[in-house]
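[1] Requesting a structural model of the entry that follows:
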Amino acid sequence: MDYFSDFDFSGFFTTRDIAFFVFLIIFLIASKWRVYEKAGQPGWAVLIPFYNFYILLKIVGKPDWWVLLLFVPIVNMVVGIYVIHLLSKCFGQGLGFTLGLILLSFIFYPILGFGYAKYLGPLSEKKNE
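    Predicted coordinates for the structure are as follows:
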């Protein structure tokens, strides 16, 4: 039995919607690419799954083995949020900016990548407290 036989998908997304989402994805990739480059890492790393998290761990100063935590349910979400918070701290930002990176990434990653934020290094967490 086909559950979707009565539903018409033809008008679900318009060409304009798809073009907008493609533009948004490319813009986010470019923003993260620039963030990685500001931190002295290769920007192309954002394109490779798992390797991009490995490089992000280097940026925030955490051990390499934390990549394995991505495979542990629930722990991966907690570690992901913590690493984003550390990234925020590495650029001299606080908790509010971390929430922006999580909830409104299409606004806050470009601010980090293309704005005036400077990479302070992984020890910036202690400098800001």
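[2] Sketch out the low-pLDDT regions of this structure for me.
    Low-confidence segments of the chain (pLDDT under 70): 1-11, 123-129.
[3] now the strands for it?
    For the chain, no strands turn up when DSSP state E is the criterion.
[4] and the most centrally placed residue in it, what is it in contact with?
    Centroid-nearest residue in the chain, with C-alpha atoms, centre = their mean: residue 32, separated by 6.6 Å. By C-beta atoms under 8 Å, 6 or more residues apart in numbering, residue 32 lies in contact with 46, 52, 109, 113. C-beta here means a position set from N, CA and C on the backbone, and glycine is covered the same way.
[5] Spatially, which two of those are the most separated?
    Taking C-beta to C-beta, the two most distant members of those are 52 and 113; they sit 14.2 Å apart.
[6] Out of those two, name the residue with the larger neighbour count.
    A count of neighbours by other C-beta atoms under 10 Å puts residue 113 above the other of residue 52 and residue 113, at 21 against 16.
[7] Surely that one and residue 28 touch.
    No - using C-beta atoms under 8 Å, residue 113 makes no contact with residue 28, being 9.5 Å away.
[8] how close does residue 94 sit to residue 34?
    To residue 34, residue 94 is 21 Å away according to C-beta to C-beta, to the nearest Å.
[9] more crowded one of these two?
    Between residue 94 and residue 34, residue 34 has the larger neighbour count (other C-beta under 10 Å), namely 18 against 11.
[10] and the more buried one, how far is that from residue 17?
    Note on residue 34: its distance to residue 17, by C-beta to C-beta, is 26 Å.
[11] again with residue 119
    Per C-beta to C-beta, residue 119 is found 35 Å from residue 17.
[12] More neighbours: the two, which one.
    The neighbour count for residue 119 versus residue 17, taken as other C-beta under 10 Å, is higher for residue 119 (19 against 10).
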